[in-house]
Structure formats: C-alpha cells, structure tokens
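Enquirer: pasting the structure only:
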C-alpha cells in the first residue's frame, strides 16, 4: 500500500526525532505548520473514538516566562534529591526550552468525554489517558518532518499547570510540549551525550510468550 | 531537513492508520518486518531515557485462542452494561482480531527500570507509563507503512493478562496489539461506520492560552 520510499521516510523521521531543549532557533512556528501538526495529533487513535485530548497553545512571552520559572523550581528540587555523583552528571543538562521555543502546547485529557459507556474503557480505564499520549507521538513525528523540534517538559507540578491553563473538573494536563524551529537535531539523545543513561539493546526488550523469556525465531512456514 | 515527499508520506501514513479488527488476512507477519516495527517502537522517546517498555510476542495458536476466549467474556460484560439502544449499536461491532492476526504483541511497562532517580519522573510519575504508550504509536505507524494492520484490544482484565504473560513485580501489561497482514484498511474508522461515535472537529480541540477558550490567530510577525 505504501512505497518503499514512504516507508523509509517514516523510519528516518522516527530515527531523527529528538527531545529538544537547547536547539530552538528562537523563531515562532507559522500558523499553517502549527495546524498541520495539530491535525496529525488529532488523527491519533482513541478508545471508543472519544478523542479525549485538547491542545492549549501558549505563545504569550510573559506566560512562557512564568511557566519556565515554575519549572526551574522543580528542576532544583530534583537536583537536590540526587546523590552527589548523579547531581554532577545532571548539572549541565538542560531540561526545557520553554521561552526559546516560543510556543508551548499543553495537551490535556478529559476522562468524561464520551459519556458513561465508553467502548474499550470498561475494563482498562487508562486506555482513555493512553489515547491522548498517542496523539502526542503523532504530533512529535509530524513536527520532526516539518523541521521543528519538540521538547516534552515534565518538571512541573500538575496542580500548577491545571491552574495555569484554567482546566476545570476532571480535565487533566498531561504534557507541556515546547514546539519551535530548530537550528539542528542532535544525532545522539541528550541524556546519552551527557552520560546520564544509555539505551538498552532491542533484543533485551523482546520476548517470546512470557515476560523475560528470550525471543527465539520460529519457523513461520509452519505457523 | 526532510523533503516534502517525506513529510507527505508521514501524513498519509498517519491518515491511513486504522484500528483493525475484521481485515486481517490470516497470514503471519514475517520475522524481518516484525523486527522493523519493534525497532521503530524502541526508537520512541522515554522519560529519563529509561525505555521502560518490553514486547512479548505471542504466536502460539492455542495461546491466542485462550486470550480471545477471555476477551469474549469481557465483551459480553460490556454489552450487558449498556442501555438497550446502545447495545443494538454495539452488537455488530467486532472488538478484536486476536486469532486471525496470528500475532499478539503485549506491551508492558516497568516502573522500576532506571532505578530511583529518574530524570523527568520526579514531578510527573505517569511520564514513565506515557513513554511506553509513545512506543506503541511508533509501532502502529511503522506497521501501517509496512502494509500491516494493528488492532489495540482493551477488553481484558489486567490481572488475567499479567498472569498470562508471567509478568512479575511491578511490571504491568498496558496493551495487547493484534498485528498482521490485512486485506485492506478501512477508510472510515469502524466506530464511525457502525454509528457508535463520530469524531469532533479539530478546531474544537485547540485553544489559546486557557482550556476552553477559542483559538484566535495572532499576528506572528509581532510574536
């Protein structure tokens, strides 16, 4: 259904996608590109077709600065919690590009969207929340393909962000995404470059039948 | 950084992706394609670079049948919970293609991977869980590009699936994905086709500054 070129384009985008902090160029994403990546997010799958996400776009400089100040406090609290060696490793790592990206997108989850009888959430309630996360990955890949960077900031207190965007009732902010044009994307993720944590091989993550069992190839001709 | 063709390929894949139940062709995904889509999943971003996901591949026919039987029971319980009119709408909707897809991938989340001091999970603990969900969307798009279908099944009791794959300790199964070659992908999502629930317009989901406020375009030249 898709050509080899299309498939390879997707794999390239997936491989090049980075969690950006330091590479924002300081320009604001244009309106048309912003809406294209939001449309990509909105095309995500959702349990019971509830589309439980919303996107709150923040571009006002004073508001970006206010959120960045809150995040700086949370960063400090994390630094203070670390043993000394890890703290030295952590110190040079930038955890957000809130002001420099010039656009924040707060993604929210509304557990009440779709009413009482949600097809597929009867047994696994979290599947609603998961839907909103799937939308984020669509947005992230679309932004990468558009030459933008995205940085997911999770150094914040949730009640602060709830209040900041005026979410009411059961609506919950689940992410602050810094989105903006970048000078470049790093080839190696920041946390590897700064020696925080390396990845693990894929083969360690794949199992046959039971968690922890090694994957052994089967004769698919017989399967 | 990416060509228009690459960008458009991504948007096509995002738009064509479906949650598949009825269109599995009955063949088993080949090993090389299976590993390509698993590699795409493994390239997802993760909080603190923890990569807290694992993938348990189930292809044994008896095991697929056993899980399908459990899911049939959960489907019935949901049907029984519905008011009569919704039940009639629900009745013809197929909720899984476990046996026909010939491959189940159980995605798990390990909250303990990465130890005690996880960069970015200090304030938002759920960000670990969210990482595993991002991996699922990568896998889903990769599978679509490879001509496969993916169907996320959430009609199961979590303790049953935990036991089924032998996950221990804090490890939690978060999804059963049916993965396999398809005869076609539907253009319109099943839940719309069967009259269960329509989507909402993107413009309703995007707000400026505060949740619920309409988005009004700003003069980006001034921003």
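Expert: Yep, it's here. Please read these numbers as outputs of a predicted model, since none were measured by experiment.
Enquirer: which residues sit against stretch A:65-73?
Expert: Stretch A:65-73 has contacts (Cβ atoms under 8 Å, 6 or more residues apart in numbering or on different chains) with A:58, A:95-96, A:98-99, A:104, A:153, A:155-157, A:160-161, A:164, A:176. C-betas here are computed from N, CA, C, even on glycine.
Enquirer: give me that answer again for 6 Å
Expert: The contact list for stretch A:65-73 (Cβ atoms under 6 Å, 6 or more residues apart in numbering or on different chains) reads A:96, A:98-99, A:155-156, A:160.
Enquirer: And stretch A:3-14, by the same measure?
Expert: Residues contacting stretch A:3-14 (Cβ under 6 Å, 6+ apart): A:141, A:144-145, B:6, B:9-10, B:13, B:40, B:43, B:138, B:145.
Enquirer: possible to save the contacts of stretch A:65-73 as JSON lines with pLDDT, secondary structure and distance to chain B?
Expert: Shown next, in JSON lines, are the contacts of stretch A:65-73 (pLDDT from 0 to 100; DSSP: H, G, I helix; E, B strand; the rest coil; distance: Cβ to the nearest Cβ, whole Å):
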{"residue": "A:96", "pLDDT": "95", "secondary structure": "coil", "distance to chain B": "10"}
{"residue": "A:98", "pLDDT": "98", "secondary structure": "helix", "distance to chain B": "14"}
{"residue": "A:99", "pLDDT": "98", "secondary structure": "helix", "distance to chain B": "12"}
{"residue": "A:155", "pLDDT": "96", "secondary structure": "coil", "distance to chain B": "6"}
{"residue": "A:156", "pLDDT": "97", "secondary structure": "coil", "distance to chain B": "6"}
{"residue": "A:160", "pLDDT": "98", "secondary structure": "helix", "distance to chain B": "10"}
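Enquirer: can you map out the helices along chain A?
Expert: A:4-16, A:31-42, A:61-81, A:84-90, A:98-101, A:127-145, A:158-165, A:190-193, A:202-205 (DSSP state H).
Enquirer: buried residues in the fourth one?
Expert: Buried residues in helix A:84-90, counting neighbours by 16 or more other Cβ atoms under 10 Å in any protein chain shown, are found at A:86, A:90.
Enquirer: The residue minimising distance to the centre of chain A and residue A:161, how far apart?
Expert: The geometric centre of chain A, computed from its C-alpha atoms, lies nearest to residue A:152 (Cα atoms, centre = their mean), at 4.8 Å. From residue A:152 over to residue A:161 the distance is 13 Å, taken as Cβ to Cβ, to the nearest Å.
Enquirer: and what of residue A:153?
Expert: 10 Å.
Enquirer: So those two - more neighbours on which side?
Expert: residue A:153 (28 against 24; other Cβ atoms under 10 Å in any protein chain shown).
Enquirer: what sits opposite the residue lying closest to residue A:205 once chain neighbours are set aside in the beta ladder?
Expert: Once flanking residues are discounted, residue A:205 sits nearest to residue B:54: 5.0 Å by Cβ to Cβ, 6 or more residues apart in numbering or on different chains. Residue B:54 has the following beta-bridge partners by DSSP bridges: residue B:108.
Enquirer: number of nearby residues for residue B:54?
Expert: When neighbours are counted by other Cβ under 10 Å, residue B:54 comes out with 23.
Enquirer: okay, it: pLDDT?
Expert: Note for residue B:54: predicted pLDDT of 98.
Enquirer: rewinding a little: okay, the contacts of stretch A:65-73 in CSV with neighbour count and distance to residue B:202 next?
Expert: Below are these laid out as CSV (neighbours: other Cβ atoms under 10 Å in any protein chain shown; distance: Cβ to Cβ, whole Å):
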residue, neighbour count, distance to residue B:202
A:96, 25, 27
A:98, 27, 24
A:99, 16, 27
A:155, 23, 29
A:156, 22, 26
A:160, 16, 27
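Enquirer: And these, which two are furthest apart?
Expert: A:99 and A:160 (17.0 Å; Cβ to Cβ).
Enquirer: give the contact list for residue A:149.
Expert: So residue A:149 contacts A:20, A:23, A:182 (Cβ under 6 Å, 6+ apart).
Enquirer: Tell me how far it lies from residue A:13.
Expert: For residue A:149, the distance to residue A:13 - Cβ to Cβ - is 13 Å.
Enquirer: In space, what's closest to residue A:174 - neighbours in sequence excluded?
Expert: Nearest to residue A:174 is residue A:109, by Cβ to Cβ, 6+ apart, at 5.2 Å.
Enquirer: oh sorry, the question was meant for residue A:60
Expert: Using Cβ to Cβ, 6+ apart, the closest residue to residue A:60 is residue B:209 (6.6 Å).
Enquirer: For the closest residue to residue A:146 other than its chain neighbours, report the pLDDT, please.
Expert: For residue A:146, ignoring the flanking residues on the chain, the nearest one in space by Cβ to Cβ, 6+ apart is residue A:33 at 5.2 Å. We note a pLDDT of 98 for residue A:33 in this prediction.
Enquirer: can you count the residues close to residue A:33?
Expert: 16.
Enquirer: gap between it and chain B?
Expert: 10 Å (Cβ to the nearest Cβ, to the nearest Å).
Enquirer: Can you verify my assumption that the residue nearest to residue A:205 contacts residue B:108?
Expert: Yes - using Cβ atoms under 6 Å, residue B:54 is in contact with residue B:108, at 4.7 Å.
Enquirer: helices or strands next to the lengthiest strand in chain A in the packing?
Expert: Looking across chain A with DSSP state E, the single longest strand is strand A:172-181. Applying 3 or more Cβ pairs under 6 Å, 6 or more residues apart in numbering or on different chains; DSSP states H and E, one finds that strand A:172-181 contacts helix A:98-101, strand A:104-109, helix A:127-145, strand A:148-153.
Enquirer: average pLDDT for it?
Expert: 98.
Enquirer: Equivalent analysis for stretch A:115-122, please.
Expert: Average pLDDT, stretch A:115-122: 93.
Enquirer: ok, residues contacting that stretch?
Expert: Contacts for stretch A:115-122 (Cβ under 6 Å, 6+ apart): A:47-48, A:127-128, B:78, B:82, B:86, B:154.
Enquirer: For those residues, give me JSON lines that also has pLDDT and distance to residue A:187.
Expert: Shown next, in JSON lines, are those (pLDDT from 0 to 100; distance: Cβ to Cβ, whole Å):
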{"residue": "A:47", "pLDDT": "96", "distance to residue A:187": "36"}
{"residue": "A:48", "pLDDT": "95", "distance to residue A:187": "40"}
{"residue": "A:127", "pLDDT": "96", "distance to residue A:187": "35"}
{"residue": "A:128", "pLDDT": "96", "distance to residue A:187": "36"}
{"residue": "B:78", "pLDDT": "96", "distance to residue A:187": "47"}
{"residue": "B:82", "pLDDT": "96", "distance to residue A:187": "51"}
{"residue": "B:86", "pLDDT": "96", "distance to residue A:187": "51"}
{"residue": "B:154", "pLDDT": "95", "distance to residue A:187": "37"}
